[in-house]
Each structure stands twice: as C-alpha cells, then as structure tokens.
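A.B. asks: Structure, please.
(2 chains)
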Amino acid sequence: MKNIIFLIFALFMININAQNTLPQSGDNILDPNADKFMGTWLWQSGNNSLKLTFKKENILLPFPDNVHADWVIGFHKFVNNGSTIEDSMMFAQTNYIDKKKHCSCRI
Amino acid sequence: MIKQQHKTPNWRFYVAACGIIKVFEKRKRSSFFQSLVFATIKKAGMTDGSVAQTDLMGCTRQWISVWLPDSESAPDGSGHWSSVSVIKYKQLSDECVGIINEFGQCEGSGDDGGYTYPRLGGGGGEGTEEEKEDPCQKLKKIGKSTETKSYMNTLKGKTNQNKEHGYILAEAGGTVYEFPVEGLPGKAGIGFSIGENDKIDGYIHSHYTGLLSIFSPDDIFSIAVFFKNNSIKNLNTFVIGVVTASGTQYMMIIDDPAKFQTFADNLFTGNTFNELTLYNYSKMYNDTFKITETNSATENERSFLHYIESSTSGLKVLKGSPDMQNWQSIKLDQNNNIVPTNCN
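C.D. replies: Presented below is the predicted three-dimensional model:
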C-alpha cells in the first residue's frame, strides 16, 4: 500500500514537472554543464590544426519576454597543410551582442 | 538542421533545411511541375522573351489597408481596418523618388501628408481592432479540402518508412493538386525546388518514427522561405501540414501576415538566411522550449504553442483528428493549458 501511495505521488510530481517546463518571464536558464567545455582547445597533426575557443554568456533571449539563458559562443581557426582555411579568432574577444561571425555552439 | 547555405554570383542559392530544401534561380524555369500544376494559372510578369531581370524591376508584396466606418452615415465614427495583400511586378525606379529597399519598398520619399488614420493593430484605441479572419476559415479552402485530407491520410500511411514524404499543394479550378516529394532514407528533411515565379498553396509532409511529433523549427523556417521567395499564392489560405509517427496531425496557417512578415524578415539578411538568428531559434526550440523527439506529443504540443506564440510568429496551429475530418484551432491560456476550438 505504501508503495502504491509513493508511486501515485511520484507520478503526480512528474506531471507537475511536465507542466512547469515552459520558460516564463523572469526565468534565467542556467547551464552549468557547459562549464567543462569552456576555454581554448587545440588539435594538431603535422601542418594541420583546429583551434576552438568557447565561452559562456548569460544573454537575453529574443523571446519569450524577459527570459535569460546561458549561451555558449565559439570561435575557430582551421589550418590545412599550413594554410589558414577559416579563422574567426580575431573576434574571440567580442561578445554575443556584437554579433560577429562566430557560432552559437551546441554542446 | 541547416546543412548548407551559400550564394553564387549567378544568383542561385541553396538552402537545405530539415523540412525543406529550396533552390532559387534567377533565370526563368520551365519545370515539369510548373507546366503540370500551374498551366492554368495566369502569372503577372515579363514575357518569356524578357527573361533578363534588371535591378530596376522587382516583385513586391504590398498590404493595402482601408479604414471602413461601421456606418456610412457616420464616416468619422467607429470602424475597422480591412486589409488585402497585392503582389506587384513592376518597374520600381519609375515610381520611386526615394530609395528602393531590399524588400522592393520605396523609402525616403517624404511624408505624403493626409489624414492620420488609427494605427493598425495598435490596440487600446477606440474601434481600432484589426479585422482578422478566423483560423478555421483560413484552413477551409486548402487545408480542409477533400483532396488535402486524402493526401494527409496517404502520408499517414508512410510514417512507418525511414524517410519523409510530402506533397506540394497547388489549387486550380477548385481542385487541390498534389506534387509528391520525398526525402532520403534515414535523413530528416525533403529536398525540392520551386521556380522563381511559381506560386503554391501549401506543403504537407510526414515525420517518420523517431522524428518530432510536431513541426520542426525548419518547417517554420520553410514558410519564411516560401514567403520571402514570393512562392505563396494566397497568404490567407496557405497551409503547411505534418503527420507524424506519434499519431499526430497538425496544420499551420498564417494568422497575422504583418507579424509573420516581421518574423520572417528577422530570419533573413537580404535574400539569405541569417545563420546566427536561425541557429539561435533552433537552439531555443531544443534547449529552452525543450521540444524533442523523446517528449510526449502533448508536451511537445504545449511547448510548440508557447514557442510560436511568444516568438510573435503570426502563425496559428490547428490539430486534426486521426481521420483528418475534424480540426481544432489550438492555443495556450494563461496557465499554459491547451485550449482547443472546434472548426465547424
């Protein structure tokens, strides 16, 4: 009987949680899991390399109204056979709001 | 997911999205699709001998709004706005004394004076309520046509396959014709092209097992592509539909064209997608609104409604019964409960 009550209570809590997942005004959606990816990462093999820089910013989302969230932005430099193919590292000191040609990266 | 985006000097650019792949071409196309489906549709434009399009020519969509008094005997009394959309293909430079912007609109020609009319959709003003057609009415001509319901049912039978199927819809003479398209096995998305001057009435497709129980962000973006490419024949009847392996079936209509234009414009820089905005909107769909393949259909439905309502997309979602016969307009109330309204 106790188990049944617990099960009903657990299902009720799951239902409550399902109802409350929508972002609302004033929310700040934090993403601590992203922290372990922050910083500069370099892969190198001979004359080939790929450098990635990630940083986390807390930004105001375009919608819904007044909702902030942690956002990871990134910059990269790709070198193939000693030639730079792509490089956005010159923007690594800019912020999300500057909207330089960096990526909003999914981690 | 956006796979590739580039623009080449000959004005051909390629946008690949989960829902849609479109090819825009500057040159005139004489496709099978055009001749099959659009043969009876009269198009405004240059003759075939005038293929070259100069910078001074352009196709523009204009919204013309007229303030109609409720009573003709009291022209200064209460009233309402009535709006229609007009697509023009014209010599822009001849008519513009200012600067023609990227949307083909003439700017900087100064104030033309005249009566100060109540603001469109301003809210709060007496009698300034914008007249909007019932979403169910917008579904009637194309979305709820006998043919479209049949096509949706056909798609439903294909959701157990490992690729997406779809139909481009084009109405002529009261009949909705379908042009079948399909994606690649194991790949979400369908690729097809539409001629620059072709107009369509809708697009419906399937999501197979493992895909979302509702429209993907790229399905939303695809409407923006159709809109920006002037591929939509009638904004008031255009539909995009999806049937899914989760047993759901939805359609979307453009409920508020002015809001949708703002929403669509925000996704583009000139004629190409703004990659950053697009990616952010997709990321918010997944990470902020948490619309995922593993959620229940009800969870996704609620979150999706929140997504399109809070983004002021101007779109409206309608939900169908399993046999496609009955449709409901759905929205969220203040407590985030889904409120259905039956379409008669």
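A.B. asks: Tell me the residue of chain B that sits nearest chain A?
C.D. replies: Across chain B, the shortest distance to chain A (Cβ to the nearest Cβ) belongs to residue B:310, at 3.7 Å. Yep, even glycine has a C-beta here, placed from its N, CA and C like the rest.
A.B. asks: what's the closest residue to that residue other than its chain neighbours in contact with, if anything?
C.D. replies: Nearest non-adjacent residue to residue B:310, counting by Cβ to Cβ, 6 or more residues apart in numbering or on different chains: residue A:64, 3.7 Å away. Applying Cβ atoms under 8 Å, 6 or more residues apart in numbering or on different chains, we find residue A:64 in contact with A:23, A:24, A:25, B:306, B:310.
A.B. asks: at 10 Å what do you get?
C.D. replies: Residue A:64 is in contact with A:22-27, B:284, B:288-289, B:306-307, B:309-312, counting by Cβ atoms under 10 Å, 6 or more residues apart in numbering or on different chains.
A.B. asks: Need the phi and psi values for it.
C.D. replies: phi -70, psi 180 (degrees, to the nearest 10).
A.B. asks: okay, the most centrally placed residue in chain A: pLDDT?
C.D. replies: Ranked by distance to the mean C-alpha position of chain A (Cα atoms, centre = their mean), the top residue is residue A:72 at 3.7 Å. Per-residue pLDDT puts residue A:72 at 90.
A.B. asks: returning to what we had before: please pick the buried ones from the contacts of residue A:64.
C.D. replies: Buried members of the contacts of residue A:64, counted by 16 or more other Cβ atoms under 10 Å in any protein chain shown: A:22, A:23, B:284, B:288, B:289, B:306, B:307, B:309, B:310, B:311, B:312.
A.B. asks: between these, which is nearest residue A:76?
C.D. replies: For the buried ones among the contacts of residue A:64, the residue nearest residue A:76 by Cβ to Cβ is residue B:284; the value is 22.5 Å.
A.B. asks: Now do the contacts for the closest one.
C.D. replies: For residue B:284, the contacting residues are A:23, A:29, A:61-64, A:67, A:69, A:71, A:104, B:217, B:290-291, B:307, B:310-311, by Cβ under 10 Å, 6+ apart.
A.B. asks: What about those residues, which are in helices?
C.D. replies: B:217, B:307, B:310 (DSSP state H).
A.B. asks: what are the ranges of the helices in chain A?
C.D. replies: Using DSSP H, the helices assigned to chain A run over residues A:2-19.
A.B. asks: can you list the weak-confidence ranges in it?
C.D. replies: Within chain A, the set of residues satisfying pLDDT under 70 comprises A:1-20, A:101-107.
A.B. asks: quick check: mean pLDDT across the helix or strand hosting residue B:341?
C.D. replies: Using DSSP states H and E, the element containing residue B:341 is strand B:338-342. Mean pLDDT, strand B:338-342: 96.
A.B. asks: now do stretch B:219-227
C.D. replies: The average pLDDT for stretch B:219-227 rounds to 94.
A.B. asks: quick check, it touching chain A?
C.D. replies: No - figure legend: stretch B:219-227 not in contact with chain A (Cβ under 10 Å from any Cβ of the partner chain); closest approach 12.9 Å.
A.B. asks: Show me what from chain B comes close to chain A.
C.D. replies: B:1, B:263, B:266, B:274-284, B:286-290, B:295-296, B:298-299, B:302-303, B:305-313, B:332, B:335-337.
A.B. asks: on that earlier part again, and the gap between the residue nearest to the centre of chain A and residue A:96?
C.D. replies: Distance, residue A:72 to residue A:96, using Cβ to Cβ, to the nearest Å: 10 Å.
A.B. asks: same check, this time on residue A:36
C.D. replies: Look at residue A:36 and residue A:96: by Cβ to Cβ, they are 20 Å apart.
A.B. asks: And for residue B:242?
C.D. replies: Going from residue B:242 to residue A:96 by Cβ to Cβ gives 32 Å.
A.B. asks: same thing with residue B:226?
C.D. replies: 30 Å.
A.B. asks: got it, and residue B:273?
C.D. replies: For residue B:273, the distance to residue A:96 equals 19 Å [Cβ to Cβ].
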